[in-house]
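Undergrad: What follows is a protein structure lacking sequence information:
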């Protein structure tokens, strides 16, 4: 398989990958890229550590009321552009 995924796209997909938010095809394509790209592997390792750090730091902290809806609305607007 020829690895056509760019580093720029791979990096943009890392958090969705960690959150299991990618399709099976996107996961396979990203994992193929990661097998060939040390720089993106390093970024994935950093993203994992950051994710664990934030989860540990915020364990037991309640999300402010309305924050989730604000985030979802912002994301919808951003993806509509």
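TA: Good, I have the coordinates. None of the values given here were measured: they were computed from a predicted structure. Numbering: from 1, shown residues only.

Undergrad: The residue nearest the centre of the chain: helix or strand, and which one exactly?
TA: Taking Cα atoms, centre = their mean, the centroid of the chain lies closest to residue 15, which sits 1.0 Å from it. Mapping residue 15 onto the secondary structure by DSSP states H and E places it in helix 7-18.

Undergrad: ditto for residue 59
TA: Assessed by DSSP H and E, residue 59 sits outside every helix and strand.

Undergrad: phi, psi of it?
TA: Here is the backbone geometry of residue 59 (degrees, to the nearest 10): phi -60, psi 120.

Undergrad: And the contacts of the next helix or strand after the helix holding residue 15?
TA: Downstream of helix 7-18, the next assigned helix or strand under DSSP H and E is helix 24-36. Residues outside helix 24-36 that contact it (Cβ atoms under 8 Å, 6 or more residues apart in numbering) are 1, 3-5, 7, 10, 13, 16-17, 22, 40-41, 44. In short, each C-beta sits where N, CA and C put it, glycine included.

Undergrad: Just the buried ones among those, please.
TA: Among the contacts of helix 24-36, those scoring as buried are 5, 10, 13, 17, 22, 40, 44 (criterion: 16 or more other Cβ atoms under 10 Å).
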